[in-house]
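Asker: Build me a model from this:
(one chain, ligands or ions: 1)
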Amino acid sequence: MPSKLPHQISSFDEYREVYQKSVTDPESFWAAEADTFVWRKPWDRVLSWNFTDPEVKWFSGGQLNITENCLDRHLAERGEQTAILYEPNEPDGKVVKLTYRELHAQVCQVGNALRELGVGKGDRVCFYMPMVPELAVSVLACARIGAIHSVVFAGFSAQALADRVNDADCKVIICSDHNRRGRKNIPVKEVVDEALAIGCPSVETVLVHRNTGEDISWDPSYDQWYHEAVERQDANCPAEVMDAEDVLFILYTSGSTGKPKGVVHTCGGYMLYTAYTFRNVFQYSPGDVYWCTADIGWITGHSYILYGPLLCGATTMMFEGVPTYPDAGRFWQVCEKHRVNQFYTAPTALRALMARGNEFVEGHDLSALKVIGSVGEPINEEAWEWYHEKVGKGKVPIVDTWWQTETGGIMISGLGGLSPQKATFAGYPLPGIQMALVDKNTGEELTGNPESGLLCVKYPWPGMLRTTWGDHERCQKTYFSTVPGMYFTGDGARRDENGMYRIVGRVDDVINVSGHRMGTAEVENAIDEHPLVVETAVVGYPHDIKGQGIYAYVILAPGEHDHERLREEIIETVRQEIGPIAKPDKIQFVEELPKTRSGKIMRRILRKVASGETDGLGDTSTLLNPEVVTSVTAGRL
Ligand code: WT7
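Answerer: Predicted coordinates for the structure are as follows:
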């Protein structure tokens, strides 16, 4: 087997050269990448775009099916190679290895089962499942038949699930009976039943995968067993021929206002972008074992457990468990067991493991590691150093990858082992990516170095979102109106004297809790559901393990209240409205919230109080009620 994949950069000088070419003539650059894939029909036009409406089309007229590129294309050369390596929750549980040939056959069977259920091109299928091979198989099966997948992280509540199912009018939900995560047993099907009880009129079938075999309730009018529907199917399933710009999937993510929005990705551009970034950032070589610890419920799992690796013919691991079960050595034990070559995780996991002590990592043989990666939130210096020293033994390169659900794939990152690295800096933009820093007051691009400002992108890239499901105006407003003519990321960033980027964090009302994006408005709306809550303001504050914690200021209805009990009830309300990941870490009851004369909550002050920066609150004299600052500060938790 050749040791290098097509279009794989192999030195930093080459990166500079390729980058220059990619921005001088983006269309030729991406067309050459597209040429490495199998198309049913070649494209007529590489790119047409404007960032005003916005409208972006890559490879118009081209036709393909992404699963033919993930699976069929590899059968001749690596049919017997492991495609998916599954490591279960229990260390002594059964490892599953699916070769490309087996994965292809299973995807076809599920594709046929879905077709039999009346699912066709453009129909939406929702997933609410743990990290088991059947999830990967059936997500790919959707893509096979041209159905649009919408994976909902299985930690979301019934209400959150129902909201997402209804926003996309999903026809089918695929779920499991129960799910084991660490020591927890999660009744997955029960949550789906609750969502249906809330009301999901578009759902015709719930396809239930038997995972743990425990009892579940059953309604024969819509419930069907996955194995019964799948077993009898043929292992050949002709792939639906898709236009490059047909929708591949929807993935919901939080913003600064309202309900989560469905980010839409399309077939052609997403395909080449995830493959290109995977092979370059991780410097994957044929035969390597690659492990990304994310959940497929997030974009990281879509792009870098499934599509990117499979498009490159990689062996990609899926892990059902958690980093701390049965103990804090689990990640390292798994790396040793499977001789993992590329390992990709989140800073929050590193901080949690770091806090448990070095003995858990020190005993393990991590000598197979060639590249280790970080994603999801800024990595602080201490966690970076620990990763570098304890996991990378001071010599394995770290890639700090900055990107977003909306970008489809990695945008700013080192290329494993090739690029200069600097703790807490994500590094340079990948080829084809034209970043900009913009002055937040003047809206002008800042071209010098060093500089800091709003992080934007000036030119389209194939993996970018095309719209938000059912609401194109929201896409325009959220991403293309802050800085006219550019895509605005929501992040602030700094560029050093050498042009390396450091992501400072969100500049909007989005907080990042353990690498999960949370809209403060969304959490406020959930808290407001409690009958005794009059008004709420939610902000983020620095948290040692989670990166950011959730701090809620709550005004209660008049009267005597048992604050401890109310705290518990409020937490329970949030758990039901969104899920455990959105639970406030601190709830402070206040009489009033600091407001401007126009009635807007002064979040700047609340953020400072929550972070303990009570000395530098700035000018509060313009407030409608400056006196409340004193009582809010005094009551700080
Ligand atoms: C937000 C996107 C993209 C995968 C997982 C998160 C933050 C992401 C980094 C990084 C600093 C980062 C940003 C971004 N973020 N990666 N390497 N350094 N910040 O996806 O849920 O869409 O969140 O995560 O603030 O905007 P997401």
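Asker: any bit of whichever strand or helix holds Leu437 sitting next to the ligand?
Answerer: Leu437 is located in strand 435-438, with elements delineated by DSSP states H and E. No - judged by CB under 6 Å from any ligand atom, strand 435-438 stays clear of the ligand, getting no closer than 13.0 Å. Just so you know, the C-beta spots here come from the backbone N, C-alpha and C atoms, and that holds for glycine as well.
Asker: so after that strand, what's the next helix or strand?
Answerer: Where DSSP H and E defines the elements, the next helix or strand beyond strand 435-438 is strand 445-446.
Asker: Show me what that following strand is packed up against.
Answerer: strand 435-438 (3 or more CB pairs under 8 Å, 6 or more residues apart in numbering; DSSP states H and E).
Asker: In its sheet, which strands sit next to the strand it packs on, and in what direction?
Answerer: Its sheet considered, strand 435-438 pairs with strand 445-446 (antiparallel), strand 451-457 (antiparallel) by DSSP bridges.
Asker: ok so, going back, quick one: average confidence on the strand holding Leu437?
Answerer: For strand 435-438, the mean pLDDT works out to 98.
Asker: same thing with stretch 276-283?
Answerer: Averaged across stretch 276-283, the pLDDT comes to 98.
Asker: Could you export it as PDB, CA atoms only?
Answerer: Extracted as PDB, the C-alpha positions of stretch 276-283 are listed here (Å, rounded to 0.1, in the frame of the first residue of the first chain):
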ATOM      1  CA  TYR A 276      -9.100  16.600   2.800                       C
ATOM      2  CA  THR A 277      -8.800  17.900   6.300                       C
ATOM      3  CA  PHE A 278      -8.800  14.500   7.900                       C
ATOM      4  CA  ARG A 279      -5.800  13.200   5.900                       C
ATOM      5  CA  ASN A 280      -3.800  16.400   6.200                       C
ATOM      6  CA  VAL A 281      -4.400  17.400   9.900                       C
ATOM      7  CA  PHE A 282      -4.000  13.900  11.300                       C
ATOM      8  CA  GLN A 283      -1.400  12.900   8.700                       C
END
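Asker: For the closest residue to the ligand within the stretch 351-500 of the chain, grab the count of nearby residues.
Answerer: Per CB to the nearest ligand atom, Thr405 is where the stretch 351-500 of the chain lies closest to the ligand, at 3.4 Å. A count of neighbours around Thr405, defined by other CB atoms under 10 Å, yields 19.
Asker: Might you report the residue contacts of it?
Answerer: Leu251, Thr253, Val263, Trp298, Ile299, Leu465, Arg517 (CB atoms under 8 Å, 6 or more residues apart in numbering).
Asker: Would you mind finding the most buried of the strands paired with strand 435-438?
Answerer: Highest mean neighbour count of the strands paired with strand 435-438: strand 451-457, a mean of 21 (counted as mean count of other CB atoms under 10 Å).
Asker: Do any residues in it lie close to the ligand?
Answerer: No - on the criterion CB under 6 Å from any ligand atom, strand 451-457 is out of touch with the ligand, staying 8.2 Å away.
Asker: any idea how far Ser176 is from Tyr86?
Answerer: As for Tyr86, its distance to Ser176 is 14 Å (criterion: CB to CB, to the nearest Å).
Asker: These two: which is more packed in?
Answerer: Taking other CB under 10 Å, Tyr86 and Ser176 do not tie; Ser176 has more neighbours (24 against 21).
Asker: Could I get the pLDDT score of Ala235?
Answerer: The predicted local confidence for Ala235 is 97.
Asker: Same check on Lys600?
Answerer: Reading off the model, Lys600 has pLDDT 87.
Asker: how many other residues sit next to it?
Answerer: A total of 10 residues lie near Lys600 under the criterion other CB under 10 Å.
Asker: go on, Arg16?
Answerer: 13.
Asker: isn't there a helix covering it?
Answerer: Yes - checked against DSSP: H, G, I helix; E, B strand; the rest coil, Arg16 lies within a helix.
Asker: separation between it and Ser419?
Answerer: In terms of CB to CB, Arg16 sits 10 Å off from Ser419.
Asker: now swap in Met435 and tell me
Answerer: Look at Met435 and Ser419: by CB to CB, they are 15 Å apart.
Asker: Name the residue in these two with the higher neighbour count.
Answerer: With neighbours defined as other CB under 10 Å, Met435 and Ser419 compare such that Met435 has more, 22 against 19.
Asker: if I pick the residue nearest to that one when sequence neighbours are not counted, what's in contact with it?
Answerer: Excluding its sequence neighbours, the residue lying closest to Met435 (CB to CB, 6 or more residues apart in numbering) is Pro429, at 4.8 Å. Contact partners of Pro429, counting by CB under 8 Å, 6+ apart, are Tyr19, Met411, Ile412, Met435, Tyr501.
Asker: Up against the ligand, what does this structure have?
Answerer: So the chain meets the ligand at 253, 299-300, 374-378, 400-405, 426, 489-491, 503, 505-506, 512, 517 (CB under 6 Å from any ligand atom).
Asker: taking the residues you listed one by one, which sit in helices?
Answerer: Ile299, Thr300 (DSSP state H).
Asker: among the strands paired with strand 435-438, which is nearest Trp218?
Answerer: Among the strands paired with strand 435-438, strand 451-457 comes nearest to Trp218, with 48.4 Å by CB to CB.
Asker: After the closest one, which helix or strand is next?
Answerer: strand 467-468.
Asker: Now do the domain split for this structure, please.
Answerer: Structural domains assigned to the chain are 12-322+397-493, 514-635, following the TED database.
Asker: mind listing the strands for the stretch 501-637 of the chain?
Answerer: Under the criterion DSSP state E, counting those that start in this stretch, strands of the stretch 501-637 of the chain are mapped to 501-506, 510-513, 516-519, 533-543, 547-556, 586-589.
Asker: Tell me which residues are up against the last one.
Answerer: Around strand 586-589, the neighbours that count as contacts under CB under 8 Å, 6+ apart are 541, 549-556, 561, 563, 566-567, 570-571, 610, 632, 635-637.
Asker: Partner strands of it and their direction?
Answerer: strand 547-556 (parallel).
Asker: just the helices in the stretch 501-637 of the chain please.
Answerer: 520-528, 563-577, 603-611, 628-634 (DSSP state H, counting those that start in this stretch).
Asker: what do you get for the stretch 301-450 of the chain?
Answerer: 308-311, 330-337, 347-356, 359-362, 381-386.
Asker: try the stretch 101-250 of the chain
Answerer: Going by DSSP H, counting those that start in this stretch, the stretch 101-250 of the chain shows helices at 133-145, 158-167, 188-199, 226-231.
Asker: among the ones you listed, which is the most enclosed?
Answerer: helix 133-145 (a mean of 26).
Asker: Can you spell out which helices and strands pack onto that helix?
Answerer: helix 66-67, strand 82-87, strand 96-99, helix 100-116, strand 124-128, strand 148-151, strand 172-176, strand 247-253.
Asker: got any ranges where this structure has weak pLDDT?
Answerer: 1-2 (pLDDT under 70).
Asker: burial measure for Asn236, as a count.
Answerer: If you count neighbours by other CB under 10 Å, Asn236 ends up with 11.
Asker: typed the wrong thing, it's His388
Answerer: Here the number of neighbours of His388 (other CB under 10 Å) works out to 18.
Asker: And it, how far from Glu382?
Answerer: When His388 is compared with Glu382 (using CB to CB), they lie 11 Å apart.
Asker: buried ones in stretch 200-220?
Answerer: Cys200, Val203, Thr205, Val206, Leu207, Val208, His209, Asn211, Ile216 (16 or more other CB atoms under 10 Å).
Asker: hang on, the earlier thing: now the helices and strands packed on helix 133-145 in TSV, please, with extra columns for distance to Phe343.
Answerer: Formatted as TSV, the helices and strands packed on helix 133-145 follow (distance: least, CB to CB, whole Å):
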stretch	distance to Phe343
helix 66-67	26
strand 82-87	13
strand 96-99	19
helix 100-116	22
strand 124-128	25
strand 148-151	23
strand 172-176	26
strand 247-253	24
